[in-house]
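S.K.: Fold the following for me, if possible:
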Amino acid sequence: MSYYNEDQLKKYFEKAIQRESTKRVEALKKEIDYAYQKEMAKVISDLDMKKKLELNKLMRDVHAEYQDRLNQIGAGYDEMLIKERSVMINHIFDKVYKKLHKYVATEDYVKHMSKQLESVQSFIGMATIDVMISTKDESLKQAFSKVKGIRLVQTDEVEIGGFIAVSNEKNIRIDETLDAKLANQRDWFYQNAKLFIKQ
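M.R.: Below is the predicted model of the structure:
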């Protein structure tokens, strides 16, 4: 068995303590590094989450502002489209209006209206019929003045042409005016025409 003197023991214990303390310091360094890495990952993850939340909030704000602008542009475009459609429809129906005024001056107009009056008379029967025509419609006034069973009334209610037949006895009113037909066609056209504006 070996005997150690005090100096040797001192050196032995110093080395042993040094070795043990170095091991513990290394273990602590590893533990601290691990804890540091874990906490840094958590902090980075939290920062990343906050950044994403901020970006999402900004994106929602930008999207909302963009939608508002789009809505404003769309409303302006719709208004412009409605005005443009109205101008186009007015232009079309002004031409039709002029053509109807030319048609009223023809023999075909008088023949057509005479046939319409015959149909109305056969529908209403033997009752007296008040037939209202335009105050400007001299051709119908001449043609209808020869028809029996009607009372001719000139009115400003009819502007373009045609007539309104009224039987007070049978409580019937039949509108055969070009004015009413044009108004109905205008409404139908406005509802059903697919007018798109190309620029």
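S.K.: who touches residue 40 in this structure?
M.R.: For residue 40, the contact set (CB atoms under 8 Å, 6 or more residues apart in numbering) is empty. In this view, the C-beta of every residue, glycine as well, is placed from N, C-alpha and C.
S.K.: For it, I want the exact helix or strand it lies within.
M.R.: helix 6-104 (DSSP states H and E).
S.K.: Of all residues in this structure, which one is nearest the centre?
M.R.: For the chain, the residue sitting closest to the mean C-alpha position, by CA atoms, centre = their mean, is residue 78 at 7.6 Å.
S.K.: State the distance from that one to residue 25.
M.R.: Here residue 78 is placed at a distance of 77 Å from residue 25 (CB to CB, to the nearest Å).
S.K.: and what of residue 142?
M.R.: 127 Å.
S.K.: before we move on, what about residue 88?
M.R.: With CB to CB as the criterion, residue 88 and residue 25 are 90 Å apart.
S.K.: neighbour-wise, which of these two wins?
M.R.: Taking neighbours as other CB atoms under 10 Å, residue 88 and residue 25 compare with residue 88 leading, 13 against 10.
S.K.: Tell me the confidence at the more buried one?
M.R.: You'll see residue 88 listed with a pLDDT of 81.
S.K.: Adjust the sequence numbering to begin at 36 for everything that follows.
M.R.: Done: numbering now begins at 36, and the last item shifts to residue 123.
S.K.: Okay, it and residue 135: tell me how far apart.
M.R.: Taken as CB to CB, the span from residue 123 to residue 135 is 19 Å.
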